[in-house]
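Engineer: Sequence and predicted model, in that order:
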Amino acid sequence: MDISAQTDEQLAALAAREASDGPAFQELLARYQDRVWRICYRLLSDAHDASDAAQEVFVRLFLSRAKFQGRSKYSTWVHGVAVRTCLTIRRGRTRRRQREAAAAQQTRETDEKPQGESTAELSLDLNQILNTLEDDDRALLIMKYAEGHNYDELATIFDLSISACKMRVARARQKLKERFPELDFGKGDD
Amino acid sequence: MSDNILNQLAAMEVPPPPDNLDQDVHQSVNRWLLGLQLLNFLLRAIPTAAAYFAYAVAGAMFYTLFGVYPKNRDSGDLNK
């Protein structure tokens, strides 16, 4: 049977029986590399980190290929793995940068004035606006608004209940409204 | 309909994936497989081989001390 005619779920079942990254896994890789890359890039905002993350996502998919049980769509499962991988990388990167910043501040004994927030806010782009949120909330908004997932899929991806997802999206939007009152972040379950 | 700024997220530009992403994934997977097989080898084959040779060494020592081979589970030939 032609492997390219198989559904993702059928390919996942075939890949689970392959000893290495055989034709089924290669086909899944070809189908998902653009989507995984896009999610990684959006969540990490850096091409180099996104490339590392995308590689890591596919290695994780390969190593846990037998764990997919078909309870959700394969695409939702892949997106969940991608989000968790990126969040782990992003947290590590944040900690590393905080350490580096703290070290730099200790060595630099200058008394520069801190940047004024009011002028900086004017030039914030959407990415910078989202960066003011916690990583999980930021990822939730990106998966909802950039990737177009509904709450049902978000619940699977983030391993939360649907109501918890709705609440967190609403809370994240509320935080943004408080921080940037001049901008429109929508309302309700749009 | 909405001016919701979050709706602009979908339109944000994303560069194309690196050309060699599939090759890099293939190499990473191969490195993992090699590592797992080595680990498997270390955890299974080496202890089995060590036990096998340790039995032979013990047999040789037994022969040195008592002049006979220890009774073998599989064949009685060695004791004759």
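Structural biologist: Great, that's in hand. Numbering: from 1, shown residues only, chains lettered A, B, ... in the order given.
Engineer: Now for the residue lying closest to residue A:41 once chain neighbours are set aside, how many residues are close by?
Structural biologist: Closest residue to residue A:41 apart from its sequence neighbours, by CB to CB, 6 or more residues apart in numbering or on different chains: residue A:50 at 4.1 Å. Quick note: C-beta positions are derived from backbone N, CA and C, even for glycine. Residues near residue A:50, counting by other CB atoms under 10 Å in any protein chain shown, number 25.
Engineer: Please state the offset of the strand or helix carrying residue A:50 from the chain centre?
Structural biologist: Here residue A:50, judged by DSSP states H and E, is contained in helix A:47-63. The chain centre lies 12 Å from the centre of helix A:47-63; the measure is CA atoms, centre = their mean, to the nearest Å.
Engineer: quick one: buried residues of it?
Structural biologist: Under the neighbour-count criterion of 16 or more other CB atoms under 10 Å in any protein chain shown, helix A:47-63 has A:49-62 buried.
Engineer: residue ranges for the helices of chain B, please.
Structural biologist: Secondary structure of chain B (DSSP state H): helices at B:21-40, B:46-66.
Engineer: Please apply the same query to chain A.
Structural biologist: Along chain A, counting by DSSP H, helices occupy A:8-17, A:23-44, A:47-63, A:74-107, A:117-122, A:126-130, A:135-141, A:151-158, A:162-179.
Engineer: got the angle for the third one vs helix A:74-107?
Structural biologist: Orientation of helix A:47-63 against helix A:74-107 (axes from the mean of the first three to the mean of the last three CA atoms, to 10 degrees) gives an angle of 140 degrees.
Engineer: one step back: closest one to residue B:39 among the helices of chain A?
Structural biologist: When these are compared by CB to CB, helix A:47-63 sits nearest residue B:39, at 13.0 Å.
Engineer: who does the closest one touch, helix- and strand-wise?
Structural biologist: If you count contacts as 3 or more CB pairs under 8 Å, 6 or more residues apart in numbering or on different chains; DSSP states H and E, helix A:47-63 packs onto helix A:23-44, helix A:74-107, helix B:21-40.
Engineer: for chain B, which spans come out with low pLDDT?
Structural biologist: Residues of chain B meeting the criterion pLDDT under 70: B:1-3, B:72-80.
Engineer: how about 50 then?
Structural biologist: Where chain B drops to pLDDT under 50, the residues are B:1, B:79-80.
Engineer: near chain A, which residues of it?
Structural biologist: Within chain B, the positions near chain A by CB under 8 Å from any CB of the partner chain are B:2-10, B:12, B:14-18, B:21-22, B:24-26, B:28-30, B:32-33.
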